[in-house]
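Asker: Got a predicted structure here, sequence first:
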Amino acid sequence: MFLSGISDEAGQSIDAQLKAHKDLGWDHLELRMVDGQNLTMLPDAAFDVVYEKVTAAGMKVSCFSSAIANWARPISCAPNIDIEDLKRAIPRMHRFGTPFIRVMSYPNDKDNPLPEPEWRKEAIRRMKALAAIAEDGGVTLAHENCSGWGGLSAENSNILLREVNSPALKVVFDTGNPVTYHQDAWEYYQTVYLDIVYVHIKDARIVDGNEVYTYCGEGDGRVKEIVGDLLAHGYDGGFSIEPHLAAIIHTGQKADTEQHLYESYVEYGRRLMRIVEDVRPR
């Protein structure tokens, strides 16, 4: 078992991200944005700089947190956007020795939505194509229970994996997302448990109909119970924090200061460490 985090929630620069993980004593980080640009989209020269700094710091990259099939790429977007993104990501993942790339499964188009059966069919078709590329490239798509047809419910997640039927498509379970989608976090977790290879730690509660993100263990994401259950059953993968406290990328909310972003991230990591220590099998 190891601890990691979507490090742009500590700061925009790779230097700030690395510093936060050093302060926490962690040797893994999950890369998403560096200086406002997704890792898969960075120009080669900029990626080389990131690679050199991460490697020099003795860090490992646990996952590429890509934009593939995410909330900004609905089912109406051109399929080649994600295909090209994945093909660009795979050699970069190999350089880092990173096994997982986070994906979603295409939200419906808000302005011109497809009927549910067509949405389902097209989402599964696209995910089959992406999984085939991932399988050939020796990496694993980690499907998050978030935006997209497969994230509508735990049942949909299981249908997606069953229909795609590839060893290159597994689950990254996010503890906070069921809360914001008005689902039961524990029930969702139990339903997809067998395919979980990686975990995002987030927490939230609904207040007056609105989602409010909290420190881990303070919301309704059942973080402590889920972490404890995974460890009790021998889970040896990563727990990766995604605080959503000072900044929330999908809503455009930005931190009031970089210092607030950094401090809330490090504090979130420390609280996760205390939870792990409390529930770790003796």
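Answerer: Thanks, I have the structure now. Numbering: from 1, shown residues only.

Asker: which helices and strands does whichever strand or helix holds Leu130 pack with?
Answerer: Assigned by DSSP states H and E, Leu130 falls within helix 116-137. Packed against helix 116-137 by the contact rule (3 or more CB pairs under 8 Å, 6 or more residues apart in numbering; DSSP states H and E) you find helix 79-96, strand 100-105, strand 140-148, helix 154-164, strand 169-174. All C-beta spots, glycine's among them, are computed from the backbone N, C-alpha and C.

Asker: Columns mean neighbour count, mean pLDDT and distance to Gly11 on top of the ones you listed, output as JSON lines?
Answerer: Rendered in JSON lines, the data for the helices and strands packed on helix 116-137 read as follows (neighbours: other CB atoms under 10 Å; pLDDT from 0 to 100; distance: least, CB to CB, whole Å):
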{"stretch": "helix 79-96", "mean neighbour count": "17", "mean pLDDT": "98", "distance to Gly11": "20"}
{"stretch": "strand 100-105", "mean neighbour count": "27", "mean pLDDT": "98", "distance to Gly11": "20"}
{"stretch": "strand 140-148", "mean neighbour count": "26", "mean pLDDT": "97", "distance to Gly11": "23"}
{"stretch": "helix 154-164", "mean neighbour count": "18", "mean pLDDT": "98", "distance to Gly11": "32"}
{"stretch": "strand 169-174", "mean neighbour count": "25", "mean pLDDT": "98", "distance to Gly11": "22"}
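
Asker: So which of these is nearest Arg205?
Answerer: In terms of CB to CB, the element of these nearest to Arg205 is strand 169-174, at 15.1 Å.

Asker: what are the pairing partners of that closest one, and which direction each?
Answerer: Strands adjacent to strand 169-174 in the sheet, as given by DSSP bridges, are strand 140-148 (parallel), strand 196-201 (parallel).

Asker: and the angle from the longest one to strand 100-105?
Answerer: If I follow you right, that is strand 140-148. Note on geometry: by axes from the mean of the first three to the mean of the last three CA atoms, to 10 degrees, strand 140-148 and strand 100-105 are set 30 degrees apart in direction.

Asker: Which stretch among the strands paired with strand 169-174 approaches Lys87 most closely?
Answerer: With CB to CB as the yardstick, what comes closest out of the strands paired with strand 169-174 is strand 140-148 (13.0 Å).

Asker: now His182: how far from Asp220?
Answerer: Relative to Asp220, His182 is positioned 10 Å away (CB to CB, to the nearest Å).

Asker: For Ala89, list the residues it contacts.
Answerer: Residues near Ala89 by CB atoms under 8 Å, 6 or more residues apart in numbering: Leu39, Thr40, Phe64, Ser66, Ile101, Val139.

Asker: JSON lines for these, including distance to Leu29?
Answerer: Output for these, formatted as JSON lines (distance: CB to CB, whole Å):
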{"residue": "Leu39", "distance to Leu29": "11"}
{"residue": "Thr40", "distance to Leu29": "16"}
{"residue": "Phe64", "distance to Leu29": "11"}
{"residue": "Ser66", "distance to Leu29": "15"}
{"residue": "Ile101", "distance to Leu29": "15"}
{"residue": "Val139", "distance to Leu29": "18"}
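
Asker: Closest one to Asp229 out of the residues you listed, please.
Answerer: Looking across those and measuring by CB to CB, the closest to Asp229 is Ile101, at 25.6 Å.

Asker: so that closest one bridges to which residues?
Answerer: Phe64, Leu141.

Asker: correct me, but it touches Cys63?
Answerer: Yes: the criterion here is CB atoms under 8 Å, and Ile101 meets it with Cys63 at 6.8 Å.
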